[in-house]
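> need a 3D model of the following:
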Amino acid sequence: MTRHFIRAKRPCADGYRWYLRRQEGASNYQALLDDLVREGRVEDACWMLDQFGPTNDVLEVDHLEADALVFAGSVRCRGHADVEGVLRTGRSLSVLGGLRVGGALRVGEDLRVAGAVRCEGSARLHGDARVGWSLTVAQRLQCTGSLRVGGELDCGAAAHVGGHCRVTQDLRVVGDLGCDGGIKVGGHLQTDAAVQAARGVWVTGDVDCKGHLQVGWGVRAGGHIHAGGAIRAGESLWAGETIAAGEAYGVYAGLVVPLPDWPHSAQVCAREQPARLLSGCWTDGQGNTP
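Got it, this is the predicted structure:
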C-alpha cells in the first residue's frame, strides 16, 4: 500500500499528514490499521477499511481484550471478548464465550457468539447473526441477514433485520422494528414504535407496539395483540386474549387475500371481537390459536 494509492482515495488532510509522518514508502494494510487504532485514530482506520475492503486474513486468539480493534479479515476468539471501544471486522466474527463492546460493533459478514452479547453503542452486522444467550444493543441494531437469539433481545433504538428474526425469550425495541422476513418470539414482543414484518409474526406471549402493526402474512399471539396505531395483516389475526388497535384506528385482516378465501385465510379470532374491525372474517373461537 503506497502513498500514491492512499492519496488517490482522497483522505482527510490530517489523516494523510499522519501517514506521511510514518516515513514508509509502502505499508502492510493490517499493520497500518493497527497503528491507526493504537494512536487513537479509530475513525481513520474504519475509513481505510471502507475504502480498501476486507481481506482473507484470520486472527485467532484465546481471549480478546482491547481498547479498540479494527481487523480487515475474520476474528475467531476461543474464549470471552471484551473491547472498550469500537470493534470492527472486515469479515466474520466468532466468539465461543461472551462478547462485550463498549462502542460500535461492525461485522462485515456473519456473527457467531456462543454466550451473551452486550453492545453499548450501535451494531451493524452484514450477514447472519447467531447469539447463544441474550443480545443487548444500546443504540440502533441492523442485521442484513437472519438473526437468532437464544435468550432476550433488548434494543435501545430502532432495529432492522434483513432476514428472519427468531428470539427465544422476550423481544424489546425502543424504536421501530422492521423485518424483511418473519418474526418468531418465545416470550413477549414489545416496541415503543411501529412493527413491520414482510412475512408472519408468531409470538408465544403478548404483542404490544405503540405505533402501527403491519404484517405481510398473519399474526398469531398466545396473549393479546395491542397497537397504538392501526393493525394490518395480509392474512389472519389470531390472539389468545384481545385484539385492539389505537384510538380511532382500525383492525384489518386479509389485505392480500381474495374475498372468497376470507373464511379460512383472513380469519380474526380472539377472546372478543375487536372494535373497529374493518377487514377480515370474525371467527368466534374463544381466542384459541390453531
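> any idea of the mean pLDDT in stretch 254-268?
The predicted model assigns stretch 254-268 a mean pLDDT of 97.
> ignore what I typed, I meant stretch 88-103.
pLDDT averaged over stretch 88-103 gives 98.
> what's the answer for stretch 146-163, then?
Regarding stretch 146-163, the rounded mean pLDDT is 99.
> start and end of that stretch, how far apart?
4 Å (CA to CA, to the nearest Å).
> again, but for stretch 258-266
Using CA to CA, the end-to-end distance of stretch 258-266 comes out at 9 Å.
> in it, what's buried?
Using 16 or more other CB atoms under 10 Å as the test for burial, stretch 258-266 gives Trp262, Ser265, Ala266. Just so you know, the C-beta spots here come from the backbone N, C-alpha and C atoms, and that holds for glycine as well.
> and which of those is nearest Leu177?
Ala266 (23.8 Å; CB to CB).
> from Trp238, how far off is the closest one?
11 Å (CB to CB, to the nearest Å).
> quick check, Gly211 in contact with Gly228.
Yes: applying CB atoms under 8 Å, one finds Gly211 in contact with Gly228, separated by 5.7 Å.
> can I get the CA coordinates of stretch 91-102 in PDB?
Below are the C-alpha coordinates for stretch 91-102, written out as PDB (Å, rounded to 0.1, in the frame of the first residue of the first chain):
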ATOM      1  CA  ARG A  91     -15.300 -10.400   7.500                       C
ATOM      2  CA  SER A  92     -16.800 -12.800  10.200                       C
ATOM      3  CA  LEU A  93     -16.600 -12.700  14.000                       C
ATOM      4  CA  SER A  94     -16.800 -15.800  16.100                       C
ATOM      5  CA  VAL A  95     -16.700 -15.900  19.900                       C
ATOM      6  CA  LEU A  96     -17.000 -19.100  21.900                       C
ATOM      7  CA  GLY A  97     -17.700 -17.200  25.100                       C
ATOM      8  CA  GLY A  98     -19.400 -13.900  25.700                       C
ATOM      9  CA  LEU A  99     -18.900 -10.600  23.900                       C
ATOM     10  CA  ARG A 100     -19.000  -7.000  25.300                       C
ATOM     11  CA  VAL A 101     -18.400  -4.000  23.200                       C
ATOM     12  CA  GLY A 102     -18.200  -0.500  24.700                       C
END
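> can you name the residues in contact with it?
For stretch 91-102, contacts defined as CB atoms under 8 Å, 6 or more residues apart in numbering pick out 54-56, 63-64, 72-87, 107-121, 123, 127, 133.
> distance from the chain centre to that stretch, please.
Remark: stretch 91-102 is offset 15 Å from the chain centroid, using CA atoms, centre = their mean, to the nearest Å.
> could you pull out the buried residues of that stretch?
If you call a residue buried by 16+ other CB under 10 Å, then stretch 91-102 has these buried ones: Arg91, Ser92, Leu93, Ser94, Val95, Leu96, Gly97, Gly98, Leu99, Arg100, Val101, Gly102.
> ranges for the helices of the stretch 1-150 of the chain?
Secondary structure of the stretch 1-150 of the chain (DSSP state H, counting those that start in this stretch): helices located at 3-7, 13-21, 29-38, 42-52.
> roughly how far does Gly53 sit from Gly254?
Taking CB to CB as the measure, Gly53 falls 47 Å from Gly254.
> those two: which is more packed in?
More neighbours surround Gly254 than the other of Gly53 and Gly254, with 23 against 11 (other CB atoms under 10 Å).
> how about that one: what's its closest non-neighbour residue?
Leaving aside its sequence neighbours, Gly254 sits nearest to Ala266 (CB to CB, 6 or more residues apart in numbering; 2.4 Å).
> list the contacts of that neighbour.
Glu235, Ser236, Ala253, Gly254, Val257, Ser279, Gly280, Cys281.
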